[in-house]
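In: Okay, here's the prediction I keep looking at, along with the sequence it came from:
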Amino acid sequence: MHDYVHGRARPEWEGDNDSWAVSTDHFIEVVGTLVQQHGRILLGREFNRSEKCNHRCMNALGYVCTCSCRARNHGGGRWMSGWRIADDTTLMTNGRSWSWTILEKIPPGTPRP
């Protein structure tokens with residue numbers, strides 16, 4: 001994992017759920033690089049079921065989203081440039097809501113739905 005991020009990102013292994021964790025500031029860099037390198041990844045993101053999606057989320061310019069849309073509407077979906085959602089589910093882990101999503105690289109020349 002350390003090969004995919006610059007020195008400031010500092011990904012950490014979370015043994016409780018057998019996954020890597022990275023700060024929100026480095027999320028897009030890590031996810032984009034992993035999808036481009038491997039073609040398909042499983043991504044877990046915490047979200048707040050009670051935080052309703054609104055215009056601030058849908059018109060956002062940054063990448064931080066914690067609302068109930070699970071980042072589907074965030075910034076009009078522009079944050080997922082070059083990849084798409086292949087499958088997803090939500091579950092509760094230690095009292096926290098998580099979205100687990102399979103992201104895959106969009107082959108060049110493929111029209112977006």
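Out: Thanks, I have it. Remember, predicted model here, so these are calculated numbers, not experimental data.
In: show me where pLDDT drops low in the chain?
Out: Applying pLDDT under 70 to the chain flags the ranges 2, 4-8, 112-113.
In: Which helix in it has the most residues?
Out: Criterion DSSP state H: the longest helix present in the chain is helix 27-38.
In: Just give the strands next to the helix or strand just after that helix in its sheet, each with its orientation.
Out: Next along the chain after helix 27-38, taking DSSP states H and E as the criterion, comes strand 40-47. Strand 40-47 pairs in its sheet with strand 96-105 (antiparallel), by DSSP bridges.
In: and the strand it pairs with, C-alpha only, in PDB?
Out: Output of strand 96-105 as PDB, limited to C-alpha atoms (Å, rounded to 0.1, in the frame of the first residue of the first chain):
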ATOM      1  CA  ARG A  96     -21.000   2.400  12.700                       C
ATOM      2  CA  SER A  97     -22.600   2.400   9.300                       C
ATOM      3  CA  TRP A  98     -20.300   1.400   6.400                       C
ATOM      4  CA  SER A  99     -20.700   1.300   2.700                       C
ATOM      5  CA  TRP A 100     -18.700  -1.500   0.900                       C
ATOM      6  CA  THR A 101     -18.400  -0.800  -2.800                       C
ATOM      7  CA  ILE A 102     -16.600  -2.600  -5.600                       C
ATOM      8  CA  LEU A 103     -15.100   0.000  -7.900                       C
ATOM      9  CA  GLU A 104     -13.800  -0.900 -11.300                       C
ATOM     10  CA  LYS A 105     -11.800   0.900 -14.000                       C
END
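In: by how many degrees do it and helix 27-38 diverge?
Out: Orientation check (axes from the mean of the first three to the mean of the last three CA atoms, to 10 degrees): strand 96-105 against helix 27-38 gives 40 degrees.
In: pretty sure residue 64 is touching residue 23, no?
Out: No - between residue 64 and residue 23 there is no contact under CB atoms under 8 Å: 10.5 Å. Where you see a C-beta, it was placed from the backbone N, CA and C, and this is true even at glycine.
In: where does residue 108 fall, helix, sheet strand or coil?
Out: Per DSSP: H, G, I helix; E, B strand; the rest coil, the secondary structure class of residue 108 is coil.
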